[in-house]
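K.L.:
Please work out how this folds:
(one chain, ligands or ions: 1)
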Amino acid sequence: MEATATLTLSSSPAGARRSPARPTVASLHLRRVPTLSFHLRGAQSPAAFRALSSPFPGCRRRRRGSGMVVRAEMFGQLTTGLESAWNKLRGVDRLTKENIAEPMRDIRRALLEADVSVPVARSFIESVTEKAIGTDVIRGVQPEQQLVKVVNDELVQLMGGEVSDLVFAKTGPTVILLAGLQGVGKTTVCAKLAFYLKKMGKSCMLVAADVYRPAAIDQLTILGKKVGVPVYSEGTEAKPSEIAKNGLKEAKSKKTDVVIVDTAGRLQVDKAMMNELKEVKKAVKPTEILLVVDAMTGQEAAALVGAFNVEIGITGAILTKLDGDSRGGAALSIKEVSGKPIKFIGRGERVEDLEPFYPDRMAQRILGMGDVLSFVEQAQQVMNQEDAEELQKKIMSAKFNFNDFLKQTKAIAQMGSFSRIIGMIPGMNKVTPAQIREAEKNVKFMESMINVMTADERERPELLAESRERRRRVAKDAGKTEQQVSQLVSQLFQMRTRMQKMMAGMQGKDTPDMENLAESIKAEEQAAVATGKRRRKYGNLRQRDLDSMRGYRR
Ligand SMILES: Nc1nc2c(ncn2[C@@H]2O[C@H](COP(=O)(O)OP(=O)(O)OP(=O)(O)O)[C@@H](O)[C@H]2O)c(=O)[nH]1
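P.N.:
Numbering: from 1, shown residues only. Sure, this is the predicted structure:
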């Protein structure tokens, strides 16, 4: 099929004040044309520009001279919809619940227009809103750029996060069973996959198990020749499960790496089709069962993947015809709706037009803002580095205070869960989920006390260590006991000591690793002897806290 762009002409465009005899473009339909630019004359006034623009909701439009340049691209409509969201945030200094409400409505609308289902769009908006509001301001990054980053990250997650590779059998041939409705591109995908796998150095065989459409066997034979792969067929009389079984036997005898089974498609999901697939599945025990779906069918494609998964148990999907004027709904919804990943996408009819599905690349393509994303990432890295250096200085000079404490615990909370962080610390990976929940509860508990401290107290924790009055006041304001406040102050000083030791260790000084550190803290605790006088003055604070305070004052 040739690449085509169809412009439909209309003689009376809505809103345009011009002679009805003069035709104008009413709609644009792209097929196999990922991007297309053209120039239209007669957009001198804003009204004329708007009137000329209206048939191209999914296209980028730019004035040029007295005309307008239209650029149409894959997912263009979604991209344009999202752009209007960023534009609404120009000039704000941070993202708040109030100022992102309208951009969020635009994003929701853009998703629905891209044929994403209502529940998927709703949960997407909820998580973007939550993350956008919780995002710290990064120096030099505009709030709308930050929102682009949040939306990008969520799009990547929505589409499955990581690329989902093909799984190969540990022994014997890997069997890939392809299923799908009629005309979605199954037979073409067989050849495309074989071509792809051959490039990976795998030997392949195609099995023609679509016995209902004689032309399908011929088509597969021709395609097999084209990509230089043998095709196993038994004509149209045999049972598909038998053909598949015999094909696999032959592949085994020839020591073929991968067998790809083409099955029959139906106009709609029916019992006979499902039963036949189940039989083929039983006969050849496939490593991968991939459902081929047409991107043009939007959220329907996502629902289909879900339905096939429930009936047959599939391992993933292949999304074809993404080169057409697909609105993106299928690519965005399949993982979320069905729980199964998209493994490949088809972007044309040629055997080369199949590629693994990369959620991050797809998200960037939708947003069309690769440079903004890498800029925000770099800025984030710089910020993290600056923060880390600042923190290191504070720790080494024993100035780690309640503000840092709060910042750290909040940063951890923002990262989702303690488990990931704790798991990253050597020697700390044996933490149980119950301990993690306990730790999270503790953070909330501590936060409530820190929140009622004065700015001075947060910055100089020794003020609290030295004054029982202050500790009592904090306890009263936070609704906690004096002992609990004393414990918190004590904990901060312990943390200082521990961190200093850890930092010294990282810098090659004589300091234990995490497990030895725990030992040394225990030893310290046993060694600490508080005098009665000190106990009276500092309440529940321990000797070593007082020691570390002295270190601070020095
Ligand atoms: N534009 C485009 N066309 C495709 C793509 N994949 C397949 N096609 C075309 O879609 C049409 C149907 O493809 P087939 O491979 O015959 O579909 P099928 O699912 O095997 O169809 P049945 O055997 O009838 O079930 C053909 O004209 C293909 O060239 C794609 O990624 N992009």
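
K.L.:
Quick check: beta-bridge partners of residue 291?
P.N.:
Beta bridges link residue 291 to residue 179, residue 317, judged by DSSP bridges.

K.L.:
does the closest residue to residue 234 other than its chain neighbours sit in a helix, a strand or a coil?
P.N.:
Residue nearest to residue 234 in three dimensions, not counting chain neighbours: residue 243, with 4.9 Å by CB to CB, 6 or more residues apart in numbering. No exception for glycine: its C-beta is placed from N, CA and C like everyone else's. Under DSSP: H, G, I helix; E, B strand; the rest coil, residue 243 falls in the helix class.

K.L.:
Show the contacting residues for residue 243.
P.N.:
Each residue near residue 243 by CB atoms under 8 Å, 6 or more residues apart in numbering is listed here: 207, 208, 209, 211, 232, 233, 234.

K.L.:
surely the fifth one meets residue 209?
P.N.:
Looking back up the chat, that one is residue 232. No - under the criterion of CB atoms under 8 Å, residue 232 makes no contact with residue 209, lying 9.2 Å away.

K.L.:
Now do the shared contacts for those two.
P.N.:
Residues touching both residue 232 and residue 209 by CB under 8 Å, 6+ apart: 243, 247.

K.L.:
Compare the two and say which is more crowded by neighbours.
P.N.:
Between residue 232 and residue 209, residue 209 has the larger neighbour count (other CB atoms under 10 Å), namely 31 against 22.

K.L.:
Next one, pLDDT for the more buried one please.
P.N.:
The model reports residue 209 with a pLDDT of 92.

K.L.:
Likewise for the one 4 residues further on?
P.N.:
Per-residue confidence (pLDDT) for residue 213: 81.

K.L.:
Repeat that for residue 362.
P.N.:
Reading off the model, residue 362 has pLDDT 84.

K.L.:
do the one 5 residues further on as well
P.N.:
Reading off the confidence values, residue 367 has pLDDT 76.

K.L.:
What's the local residue count around it?
P.N.:
For residue 367, the neighbour count with other CB under 10 Å is 21.

K.L.:
wait, it sits on residue 154?
P.N.:
No - Residue 367 lies out of contact with residue 154 (CB under 8 Å); the separation is 11.0 Å.

K.L.:
what about the nearest residue to residue 255 once chain neighbours are set aside, neighbour count?
P.N.:
Closest residue in space to residue 255, ignoring its immediate chain neighbours: residue 203 at 7.7 Å, by CB to CB, 6+ apart. Neighbours of residue 203 under the rule other CB under 10 Å: 16.

K.L.:
Where do the strands of the stretch 301-450 of the chain begin and end?
P.N.:
Here the stretch 301-450 of the chain has its strands, by DSSP state E, counting those that start in this stretch, at 316-320, 342-346, 354-356.

K.L.:
Spell out which parts of the stretch 251-400 of the chain neighbour the ligand.
P.N.:
265, 320, 321, 323, 324, 346, 347, 348, 349, 353 (CB under 6 Å from any ligand atom).

K.L.:
Would you mind listing what in the chain touches the ligand?
P.N.:
Contact residues, the chain versus the ligand (CB under 6 Å from any ligand atom): 32, 180, 182-188, 210, 213, 216, 265, 320-321, 323-324, 346-349, 353.

K.L.:
among the residues you listed, which are in helices?
P.N.:
In this view, the residues of the chain next to the ligand that belong to helices under DSSP state H are 186, 187, 188, 216.

K.L.:
Return the residues in contact with the closest residue to the last one other than its chain neighbours.
P.N.:
The shortest distance from residue 216 to any residue that is not its chain neighbour, by CB to CB, 6+ apart, is 4.1 Å, and that residue is residue 210. Taking CB under 8 Å, 6+ apart as the definition of contact, the neighbours of residue 210 are 186, 187, 216, 217, 220, 240, 262, 263, 264, 265.

K.L.:
So how do I select the buried members of those residues in ChimeraX?
P.N.:
Buried residues within the contacts of residue 210, by 16 or more other CB atoms under 10 Å, are selected in ChimeraX with:
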select :186,187,216,217,220,240,262,263,264,265
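
K.L.:
would you turn the contacts of residue 210 into CSV with distance to residue 111 and pLDDT?
P.N.:
Shown next, in CSV, are these (distance: CB to CB, whole Å; pLDDT from 0 to 100):
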residue, distance to residue 111, pLDDT
186, 28, 93
187, 32, 93
216, 36, 87
217, 41, 90
220, 37, 93
240, 39, 93
262, 34, 94
263, 33, 92
264, 34, 86
265, 29, 81
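
K.L.:
how deep is residue 185 tucked in, by neighbour count?
P.N.:
Neighbourhood size, residue 185 [other CB under 10 Å]: 23.

K.L.:
quick one: contacts for the residue nearest to residue 255?
P.N.:
254, 255, 256, 257, 258.

K.L.:
who wins for neighbours among those residues?
P.N.:
residue 258 (25 neighbours).

K.L.:
Show me the beta-bridge partners of it.
P.N.:
Applying DSSP bridges to residue 258 yields these beta-bridge partners: residue 174, residue 204.

K.L.:
isn't it right next to residue 198, touching?
P.N.:
No - between residue 258 and residue 198 there is no contact under CB under 8 Å: 9.3 Å.

K.L.:
Quick check: neighbours shared by these two?
P.N.:
residue 204.

K.L.:
ok, back up a step: could you tell me which of the residues of the stretch 251-400 of the chain next to the ligand count as buried?
P.N.:
The neighbour count (16+ other CB under 10 Å) marks 265, 320, 321, 323, 324, 346, 347, 348, 353 as buried among those.

K.L.:
quick one: the last one from residue 189, how far?
P.N.:
Think residue 353. Distance of residue 353 to residue 189, given as CB to CB, to the nearest Å: 10 Å.

K.L.:
joint contacts of those two?
P.N.:
residue 346.

K.L.:
hang on, the earlier thing: state the pair within the ones in helices among the residues of the chain next to the ligand that is farthest apart.
P.N.:
Using CB to CB, these span at most 10.8 Å, a distance reached by 188 and 216.

K.L.:
Could you find the closest non-adjacent residue to residue 303?
P.N.:
residue 337 (6.4 Å).

K.L.:
Neighbours of the one you found, how many?
P.N.:
Neighbours of residue 337 using other CB under 10 Å come to 21.

K.L.:
these two touch, right, it and residue 301?
P.N.:
No - look at residue 337 against residue 301 with CB under 8 Å: they stay out of range, at 9.3 Å.

K.L.:
residue ranges for the helices of the stretch 151-300 of the chain, please.
P.N.:
186-199, 214-227, 240-253, 271-284, 299-311 (DSSP state H, counting those that start in this stretch).

K.L.:
what angle do the last one and strand 342-346 make?
P.N.:
To tie it back to what came earlier, the one meant is helix 299-311. 140 degrees (axes from the mean of the first three to the mean of the last three CA atoms, to 10 degrees).
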